[in-house]
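S.K.: Need a 3D model of the following:
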Amino acid sequence: MSKQAPIDVILNCILVNENVRPAMLVQPQDYGEATGKDPNTKSILQKIKTNFPELLQSENYETYQGIIISKTNYNGQSVSLNDMGKILGYPCYQDFEDLDRDKTTYGIDFNIIFKNGKKMQLWGNICKDKTKLTEFNNLAAKAKNAFNNPKYKSLLQGNEVANIEIDIRVIIPTQELINNLIQNKNMTKEEMDELREHLANLGFTNDLVEYDFQFYNPIHQGIILTLLSKYKNDVLSPFYPLQEYPGKLEEVDEITKKLEINLIQILNETKINHQGGKKNKKTRRYKNHLSNRKTKRY
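M.R.: Below you'll find the predicted structure:
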């Protein structure tokens, strides 16, 4: 186990400690676990407590989305999904309940640029439009000052922050992806990214998320359309987050993995070349924006 928490956790804790954002969230499923009592998450929480003693940790609240790290105690409180966006300090939290998922929305990402040139998304917010950009930019300016505070130098362990970028992604509605596939339109890079993210949010691993689909192949096309329809009409959604159902998160993941293996077998066995023969093709790698299906996407 590392002596320090993951760098994204450290950076978010700095923002909360310096009152740049009111709270951050530690989600056990990011570490393959279900609660704050599981070993990896427990270790991270202990490191937060050591390095940021003023920050409180709240896990006993409804509706559970992870461990809230804040200067406010939320244990025993009722926290709606809309409340969570406000608690975490997302500029577009008010959009959450009114978002029309059949219309184009915008993913606004808070990205860290390190002095070594690496880039990392610290957090992101889904917005109905771009009217809150000024708030994002103001947060970025405050965050940069917080990260440059000398008292955090040892915690950053050489991961000094050079800059913060606010990036905007167009989020393409699932139905639009479905319509374009039915009409045999060529997929753009943005549409491909969105497809990959949807597959990840269904719980599949990179074996399927980054699979080299043959979009001209009717069998491949049918499988993709079915998965997109499942994403749009997820029968498990009334039970999210699955951490509220002990043991079910692991059971769903196990079933999903078996489904993935079957799908890949079908995809491989039905690959065709332009002459009609079967062919194995090297898998390409696509950049995708992953979010977690076990919690609501803000």
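S.K.: Every contact and neighbour count from this point should use C-alpha atoms.
M.R.: OK.
S.K.: Partner strands of the strand or helix carrying Met24, with direction?
M.R.: Assessed by DSSP states H and E, Met24 sits inside strand 23-26. Sheet partners assigned to strand 23-26 using DSSP bridges are listed as strand 67-70 (antiparallel).
S.K.: With just CA atoms, put the strand it pairs with into CSV.
M.R.: Provided in CSV are the C-alpha atoms of strand 67-70 (Å, rounded to 0.1, in the frame of the first residue of the first chain):
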residue,chain,number,x,y,z
ILE,A,67,-18.0,8.6,1.5
ILE,A,68,-18.5,12.4,1.6
ILE,A,69,-15.3,14.2,2.6
SER,A,70,-16.2,17.7,3.9
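S.K.: quick one: average pLDDT of the helix or strand that that strand is followed by?
M.R.: Remark: after strand 67-70, the chain's next helix or strand is helix 81-87, criterion DSSP H and E. This predicted structure assigns helix 81-87 an average pLDDT of 90.
S.K.: chain center to helix 81-87, what's the gap?
M.R.: Chain-centre distance of helix 81-87: 16 Å, with CA atoms, centre = their mean, to the nearest Å.
S.K.: which of the residues in that helix are buried?
M.R.: 81, 84-87 (16 or more other CA atoms under 10 Å).
S.K.: Can you name the residues in contact with that helix?
M.R.: The contact list for helix 81-87, computed with CA atoms under 8 Å, 6 or more residues apart in numbering, reads 22-23, 63, 92-94, 96-97, 296, 298.
S.K.: Pick out the lowest-pLDDT one from the residues you listed.
M.R.: pLDDT is lowest at Lys296 among the contacts of helix 81-87; the value there is 44.
S.K.: Tell me how far stretch 78-89 lies from the chain's centre.
M.R.: For stretch 78-89, the distance to the chain centre is 17 Å (CA atoms, centre = their mean).
S.K.: which stretches of the protein form helices?
M.R.: 7-17, 39-51, 81-87, 133-147, 153-156, 174-182, 189-201, 206-209, 218-232, 248-269 (DSSP state H).
S.K.: could those be laid out in TSV, adding distance to Tyr106?
M.R.: What follows is the helices of the chain, written out as TSV (distance: least, CA to CA, whole Å):
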stretch	distance to Tyr106
helix 7-17	22
helix 39-51	31
helix 81-87	16
helix 133-147	11
helix 153-156	31
helix 174-182	14
helix 189-201	12
helix 206-209	22
helix 218-232	18
helix 248-269	29
